[in-house]
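In: missing the sequence, but the structure's below:
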Ligand SMILES: Nc1ncnc2c1ncn2[C@@H]1O[C@H](COP(=O)(O)OP(=O)(O)OP(=O)(O)O)[C@@H](O)[C@H]1O
Ligand SMILES: [Mg+2]
């Protein structure tokens, strides 16, 4: 067994099935406190399935252990309380709620009112656009603004581990840069990050470590920089 | 004031009373639809059970109006939660038609269960002293006043809960998209239970008030009233809370007006026809909006 005291999340032999289709065939990996770990893989490789299993919204076989606790029989809403926040793929804003209400929703399990108020301010300094739009319905935000909102919303739960599923999807190049530097900022402030990205190049640049996924199997692992230089990765995911 | 104006004001008051009762029931249909996209066809029978709770509490236990009303609301709220947990929850992933058939079945169960225990219509004792006031020829009874003000009070309270509290926020989030609500740390099943409790509690209040106004109750009284309240919810835009209230006052007004012009047997025929026309013109209801289907 792993004696690493820094270990935060341990995924062992993870399997996910959808109506008879097996999407994950025994995936195992670990994440240490303070890391940015990225998952790279083609469309349909199973990246989102991994995140959904961790946050409890998809049933799985195998074990997911977070801070020593097995998440197997923990319901999704309680997993948030343990300190995992998940920014799902696609824009998961609640369009019929205002921007502020979307943020407020994520504080459901928190009781520390003053800290919550300072967290709103923190989110609004990270994403000044959101402050301007605070009273607007989230459904009326632009795609990029919605993406900022879901990231900001995940931060409102004060998670130790942040699961990000393609946060740069559909964003203009400038905004992609911004999102990546915000991810680094969040990480520097002490939050562990598990990042799924199509933009493998940028993801590997900021990642401590990376896992490469092919049709539901982990096929390669290494530090972000190692994989950036790996010819196989270059050919398959970096297009260089 | 002229006779004509007095007559119409009197009719408007009657419409307000009828609309209030429809509104309280319509809210339950629309809230459950909003959160589960399911029509709870047993809801009219929960209203009927409310009237019977009211009978039991007032005639068997001799309670006065306020405790009768409160205990009836609590009783139907618990009933609503039990119905959802036992009958609907196991079918949440099943085809929608299964849930609808089950709801109809739950309704028949409630009707026949009540029929078995109470084969003859019941008379509710006078819960409120019936005083009438006369303003320039318009009469207002204490029962009317209680029904209208209590209903409006409950509707304002509900609107506050839905628009201003975190529970209401969670309900609105679920009605937008259930899948990601747990990621906010919100237990979806708990919010669904609260929704059923509120909807059924309001139906219990409606049952009590209906029994005040029409004190003879029977196990089938919920069917017609339930259908009408359901139509109010659809006319207002199903899933839309303020729409349900608007729809209820429209139906109340239409019914009263029809009776003012036609023989009273025309009431339901004309009312339903008008509502069908309204739905044809505005398929999403008065306040409902079509929403682009999400992937
Ligand atoms: N709800 C579902 N029902 C059936 N099959 C599903 C479902 N969700 C995912 N799958 C299948 O599981 C496999 C893995 O899907 P997943 O969403 O995890 O891939 P991904 O790596 O995130 O892909 P992408 O990069 O396109 O987001 C795919 O073949 C997909 O078709
Ligand atoms: Mg994906």
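Out: Structure received. What you see is a predicted model, and the numbers here were worked out from it, not measured in a lab. Numbering: from 1, shown residues only, chains lettered A, B, ... in the order given. Ligands and ions are numbered 1, 2, ... in the order given.

In: which of the residues in the longest helix along chain A are buried?
Out: Ordering each helix of chain A by length in residues (DSSP state H) puts helix A:173-188 first. Buried residues in helix A:173-188, counted by 16 or more other C-beta atoms under 10 Å in any protein chain shown: A:175, A:176, A:178, A:179, A:180, A:182, A:183, A:186, A:187. For every residue, glycine as well, the C-beta is placed using N, CA and C.

In: From residue A:151, how far off is the third one?
Out: Spelled out, that is residue A:178. Counting by C-beta to C-beta, to the nearest Å, the gap from residue A:178 to residue A:151 is 10 Å.

In: what helix or strand is the closest residue to ligand 2 within chain A on?
Out: Distances between chain A and ligand 2 by C-beta to the ion are smallest at residue A:48, namely 3.1 Å. Using DSSP states H and E, residue A:48 sits in helix A:47-55.

In: Could you pull up the mean pLDDT of that helix?
Out: The average pLDDT within helix A:47-55 is 97.

In: and the angle for the next helix or strand after it with helix A:47-55?
Out: Once helix A:47-55 ends, the next helix or strand along the chain (criterion: DSSP H and E) is strand A:61-66. With axes from the mean of the first three to the mean of the last three C-alpha atoms, to 10 degrees applied, the angle from strand A:61-66 to helix A:47-55 works out at 70 degrees.

In: In strand A:61-66, which residues are buried?
Out: Under 16+ other C-beta under 10 Å, the buried positions of strand A:61-66 are A:62, A:64, A:65, A:66.

In: List the contacts of the second one.
Out: To tie it back to what came earlier, the one meant is residue A:64. A:9, A:10, A:11, A:12, A:14, A:53, A:54, A:70, A:71, A:72 (C-beta atoms under 8 Å, 6 or more residues apart in numbering or on different chains).

In: Wait, the third one touches residue A:24, no?
Out: No. Under the contact definition of C-beta atoms under 8 Å, residue A:11 does not touch residue A:24, with a separation of 9.7 Å.

In: Pull up the overlap in contacts between the two.
Out: Residues within reach of residue A:11 and of residue A:24 at once, by C-beta under 8 Å, 6+ apart, are residue A:50.

In: about what we covered before: generate a PyMOL selection restricted to the buried subset of the contacts of residue A:64.
Out: Restricted to buried positions by 16+ other C-beta under 10 Å, the PyMOL selection for the contacts of residue A:64 reads:
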select buried, chain A and resi 9+10+11+14+53+54+71
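
In: Let me have the contacts of residue A:64 in CSV, extended by distance to residue A:194.
Out: Output for those, formatted as CSV (distance: C-beta to C-beta, whole Å):
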residue, distance to residue A:194
A:9, 8
A:10, 12
A:11, 10
A:12, 16
A:14, 13
A:53, 12
A:54, 8
A:70, 18
A:71, 14
A:72, 18
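
In: circling back to that earlier point, any chance of the buried residues of strand A:61-66 in CSV, plus distance to residue B:108 and pLDDT?
Out: Putting the buried residues of strand A:61-66 into CSV (distance: C-beta to C-beta, whole Å; pLDDT from 0 to 100) gives the following:
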residue, distance to residue B:108, pLDDT
A:62, 45, 96
A:64, 45, 97
A:65, 49, 97
A:66, 48, 97
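
In: Now the two most distant members of the residues you listed.
Out: A:62 and A:66 (13.6 Å; C-beta to C-beta).

In: ok, back up a step: right, and out of the buried residues of helix A:173-188, which lies closest to residue B:38?
Out: Closest approach between the buried residues of helix A:173-188 and residue B:38, by C-beta to C-beta: residue A:179, at 38.2 Å.

In: ok, that closest one touching residue A:171?
Out: Yes. Under the criterion of C-beta under 8 Å, residue A:179 makes contact with residue A:171 at 6.5 Å.

In: Which residue ranges of chain A form helices?
Out: A:47-55, A:76-82, A:99-105, A:113-126, A:128-132, A:143-156, A:173-188, A:200-206, A:224-229, A:231-233.

In: which bits of chain A sit near ligand 1?
Out: Residues of chain A lying close to ligand 1 by C-beta under 6 Å from any ligand atom are A:18-19, A:21, A:23, A:41, A:43-49, A:89.

In: mind showing which ranges of chain A have poor pLDDT?
Out: A:1-4, A:240 (pLDDT under 70).

In: my bad, the stretch 1-150 of chain B
Out: Those would be B:1, if you go by pLDDT under 70 across the stretch 1-150 of chain B.

In: Look up which helix or strand the residue of it found nearest ligand 2 falls in, please.
Out: Ligand 2 sits closest to residue B:93 of the stretch 1-150 of chain B, with a gap of 22.4 Å, by C-beta to the ion. Counting by DSSP H and E, no helix or strand carries residue B:93.

In: Could you tell me how many residues sit around it?
Out: Residue B:93 has 6 neighbouring residues, counting by other C-beta atoms under 10 Å in any protein chain shown.

In: now residue B:22
Out: 27.

In: got the contact list for the closest residue to residue A:143 other than its chain neighbours?
Out: Leaving aside its sequence neighbours, residue A:143 sits nearest to residue A:170 (C-beta to C-beta, 6 or more residues apart in numbering or on different chains; 5.1 Å). With contacts defined as C-beta under 8 Å, 6+ apart, residue A:170 is in contact with A:143, A:144, A:147.

In: ok, now with 10 Å
Out: Neighbouring residues of residue A:170 by C-beta atoms under 10 Å, 6 or more residues apart in numbering or on different chains: A:90, A:91, A:142, A:143, A:144, A:146, A:147, A:176.

In: buried subset of those?
Out: Looks like the contacts of residue A:170 have A:90, A:91, A:144, A:146, A:147, A:176 buried, using 16+ other C-beta under 10 Å.

In: thought the second one was touching residue A:150?
Out: Yes. At 6.4 Å, residue A:91 counts as touching residue A:150 under the criterion of C-beta atoms under 10 Å.

In: Does stretch B:92-107 reach chain A?
Out: No. Using C-beta under 10 Å from any C-beta of the partner chain, stretch B:92-107 stays clear of chain A, coming no nearer than 11.5 Å.
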